[in-house]
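K.L.:
can you look at this prediction? I've put the sequence above it.
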Amino acid sequence: MQENEESIAEIFLPTRTTRWFEIISYTQDEDNIRIVLEKKNIPPINENDKDKKVISKGFSEITIKDFPIRGRRSLLTFKRRYWKIEGQKELLKRDIQLSFPDTQLEK
């Protein structure tokens with residue numbers, strides 16, 4: 001995403017969203033604006049594991065009903081990425097708060 005586009009996107013998206021996610025698509029109709037964001041491929045690896053092989057394990061999605069934009073409901077779909085370090089059981093994910101407390105989340 002170009003620097004100007006990223007600055008504009010930051011106005012409408014939750015704080016620091018463009019740091020961890022990139023916009024991959026958007027659509028609009030009479031009632032809704034839908035923005036799909038995909039987590040950047042930056043695994044949260046600690047110093048002890050930095051030389052180990054990291055395997056992408058796919059995505060999970062959540063959709064947030066956010067504040068209206070231009071009179072249309074805005075729906076933000078976040079595709080959260082997961083990783084696994086070869087030889088370990090637990091999945092790696094970055095714990096990023098995507099919405100303010102008490103806002104509505106959907107699967």
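P.N.:
Thanks, I have the structure now. Numbers count the residues shown, from 1 in each chain.
K.L.:
residues contacting the residue most central in space within the chain?
P.N.:
Nearest to the mean C-alpha position of the chain, counting by Cα atoms, centre = their mean, stands Phe78 at 4.0 Å. Applying Cβ atoms under 8 Å, 6 or more residues apart in numbering, we find Phe78 in contact with Phe21, Leu37, Lys39, Glu61, Ile62, Thr63, Ile64, Leu98. C-beta: built from backbone N, CA, C; applies to glycine.
K.L.:
from those residues, list the buried ones, please.
P.N.:
By neighbour count, with 16 or more other Cβ atoms under 10 Å, those hold Phe21, Leu37, Lys39, Ile64, Leu98 as buried.
K.L.:
now for those residues: which two are most distant?
P.N.:
Longest distance between any two of the buried ones among the contacts of Phe78 is 14.3 Å, between Lys39 and Ile64; criterion Cβ to Cβ.
K.L.:
I'm done for today, thanks for sticking with me.
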